[in-house]
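Colleague: 3D model of this:
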Amino acid sequence: MAIVQFENVSKIYSSGDHTLYALDHVDFTLDEGKFVVILGPSGAGKSTLLNLLGGLDSPSEGKITVSGTDISKLSEDELADYRASTVGFVFQFYNLIPTLTVYENVNLVTEISKDALDARQMIERVGLGDHLHNFPAELSGGEQQRISIARALCKNPKILLCDEPTGALDSETGVMVLKLLLDMAKNYGKTIVIVTHNQNIAKMADVVIRVKSGKIRAVETQDAPLSADEVEW
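Modeller: Have a look, this model is predicted:
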């Protein structure tokens, strides 16, 4: 069942007589519970697309429907509610609060999400149940990224948006993080959307959206995507 639909969506920036289309009349549909990779070079429009889907920005033209709601028409307060209830965010850099413990960083989202999951269980789910009382500085980069994923999942979002989530990690740790994200799509019904320029990650996707110069160049469905262990890193 479709959870996301972009219809003729553009994001336009103007400066004097100059007009820049960061996204140029984009159309695509995403089904629930899929592992989706948005692939393209720097400046292609990938992060703009992610920001629009995440309710961090609004389109200049077109319509974005998520779970039957046209989010392009929402007010700022309604967008804040949408971000709190529907989407989770994982970034390349982990954005953990250094003065809070692992548990406190993850449990923080229970204050903004009505359907939040148990923070301790989510931390255990990412394999770091023995680090509850550690501070971020005491963790490796891969461990911090897994905690940021636990925090995003603790919100119990329908959609998890990931902007280069393995970009700052070594290959082995990156594969571990990707396995976790893939598991959330396959076994927990989350729609995972990853923005990357890494062609290898695209081999794992159910759907690959190729973006260049603000336009969708291709939407590819893969019936038999590879697992993280099958990809040559």
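Colleague: going by C-alpha atoms from here, please, whenever you check contacts or count neighbours.
Modeller: Will do.
Colleague: got a pLDDT number for the residue nearest in space to the middle of the chain?
Modeller: Central residue of the chain (CA atoms, centre = their mean): Leu161, 1.1 Å from the mean position. If you check Leu161, the pLDDT there is 96.
Colleague: contacting residues for Gly141?
Modeller: With contact set as CA atoms under 8 Å, 6 or more residues apart in numbering, Gly141 has these partners: 168-169.
Colleague: mind listing what's buried along the helix or strand of the chain with the lowest mean pLDDT?
Modeller: Every helix and strand of the chain was ranked by mean pLDDT, DSSP states H and E. The lowest is helix 171-188, at a mean of 85. For helix 171-188, the neighbour count (16 or more other CA atoms under 10 Å) marks 173-178, 180-182, 184-185 as buried.
Colleague: what of stretch 37-49?
Modeller: Neighbour count says stretch 37-49 has 37-40, 44-49 buried, by 16+ other CA under 10 Å.
Colleague: for stretch 202-221, same thing?
Modeller: By neighbour count with 16+ other CA under 10 Å, stretch 202-221 contains the buried residues 202-216, 219.
Colleague: over to stretch 6-22?
Modeller: 6-11, 21-22.
Colleague: got the end-to-end distance for it?
Modeller: 15 Å (CA to CA, to the nearest Å).
Colleague: same deal with stretch 106-118?
Modeller: 9 Å.
Colleague: got a list of contacts for it?
Modeller: In contact with stretch 106-118 (CA under 8 Å, 6+ apart) are residues 84-85, 119-120, 123, 147-148, 150-156.
Colleague: export the residues you listed to CSV and tack on pLDDT?
Modeller: As requested, the contacts of stretch 106-118 are exported to CSV (pLDDT from 0 to 100):
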residue, pLDDT
Ala84, 87
Ser85, 87
Ala119, 95
Arg120, 96
Ile123, 94
Ile147, 94
Ser148, 93
Ala150, 91
Arg151, 93
Ala152, 90
Leu153, 87
Cys154, 90
Lys155, 89
Asn156, 89
